[in-house]
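# when you get a sec, could you give me coordinates for this:
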Amino acid sequence: MSRIGRMPITVPAGVTVKVDAGNVVTVKGPKGELTKNLRPEMTIKQEGTTITVERPSDDKLHRSLHGLTRTILHNMITGVTDGFQKELEVNGVGYRVAKEGKNLVMNLGYSHQVIVSEIEGITIDVPAPNKIVIHGCDKQAVGQFAAEVREKRPPEPYKGKGIKYADEVIRRKVGKTGAKK
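Below you'll find the predicted structure:
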C-alpha cells in the first residue's frame, strides 16, 4: 500500500472541497479557487473534514496514481490556504529587475530589456533590485512560471551570472589558467 496515498487529508476551517462526477475536484479557500480533473480510476471519499483516496487494484498504474492523486489534492488545499512561492535571485554586474505595473522588467545584459507579464493566478513581487518572489495558489503554475522567468538568463558556471532559485547551488568551473610553456 502506498504510504503517501493512504494518509488522510484534513480540510482546514474556511476551505470547501467539492468532488463532482468524473473526479472533478473544486477547492475554495481564502486565497482563491482551484479546479482539477483527476483520474477517474481513483476513489475520493470525503467524510466530514477528512478526505481519503483509495485505489481499485494493486495494478502498477493504480499504485502510481494513488500517491499522486493524494498529493495533488493536498497541494490544492495547501494552495488555497497558505499559497506557494518561489524566490529567484539575479546575479551579475548591471543585472537588475523592477516591477512596472503588472510587468516584470529585467535588465540581464542583453541589448534590450526583457519584459514578462503576470499571468492569471500569479503575482510577482520585487523586494530588492536582485530578488524576485513569485506567489500563487497553484503549485504547478508557480513552479512553471518561475522556470520560465529563470530561462530568460540561466546561471552560467564560470561567474555564476544569471537568474537562479534562492536555494539553488551553482556548480562553478575553474575556467582558463595562464599560458602554457
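
# spatially central residue for this structure, please.
residue 143 (2.8 Å; C-alpha atoms, centre = their mean).

# ok so that one is a strand residue?
No. In this structure, residue 143 is helix, not part of a strand, as judged by DSSP: H, G, I helix; E, B strand; the rest coil.

# give the contact list for it.
By C-beta atoms under 8 Å, 6 or more residues apart in numbering, the contact list for residue 143 reads 84, 86. Using the backbone N, CA and C atoms, a C-beta is placed for each residue, glycine as well.

# distance of it from residue 44?
Taking C-beta to C-beta, to the nearest Å as the measure, residue 143 falls 24 Å from residue 44.

# which of the residues in the longest helix anywhere in the chain are buried?
Taking DSSP state H as the criterion, the chain has its longest helix at helix 60-81. If you call a residue buried by 16 or more other C-beta atoms under 10 Å, then helix 60-81 has these buried ones: 62, 65-81.

# please apply the same query to stretch 44-61.
In stretch 44-61, counting by 16+ other C-beta under 10 Å, buried: 44, 51-53, 55.

# likewise stretch 165-181?
residue 170.

# low-confidence ranges, the chain, go.
1-2, 178-181 (pLDDT under 70).

# which residue ranges of it form helices?
60-81, 139-150.

# just put those helices in CSV and tack on distance to residue 131.
As requested, the helices of the chain are exported to CSV (distance: least, C-beta to C-beta, whole Å):
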stretch, distance to residue 131
helix 60-81, 22
helix 139-150, 12
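
# of all those helices, which lies closest to residue 118?
helix 139-150 (8.7 Å; C-beta to C-beta).

# the inter-axis angle of that closest one versus helix 60-81?
Comparing the axes of helix 139-150 and helix 60-81 via axes from the mean of the first three to the mean of the last three C-alpha atoms, to 10 degrees yields an angle of 80 degrees.

# how many neighbours does the closest residue to residue 23 other than its chain neighbours have?
By the measure of C-beta to C-beta, 6 or more residues apart in numbering, the closest residue to residue 23 outside its immediate chain neighbours is residue 38, 4.2 Å from it. The number of residues packed near residue 38 is 19, by other C-beta atoms under 10 Å.

# please state the backbone phi and psi of residue 38?
With angles defined as degrees, to the nearest 10, residue 38 sits at phi -90, psi 160.

# going forward can the numbers begin at 32, since that is how I track them
All set: I'll call the first residue 32, so the last point we hit is now residue 69.

# list the contacts of it.
54-56, 75, 100, 103-104.

# could those residues go into TSV alongside distance to residue 169?
Listed next are these as TSV, based on distance: C-beta to C-beta, whole Å:
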residue	distance to residue 169
54	18
55	16
56	13
75	19
100	16
103	11
104	13
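
# ok, now which ones touch residue 156?
So residue 156 contacts 130, 163-166 (C-beta under 8 Å, 6+ apart).
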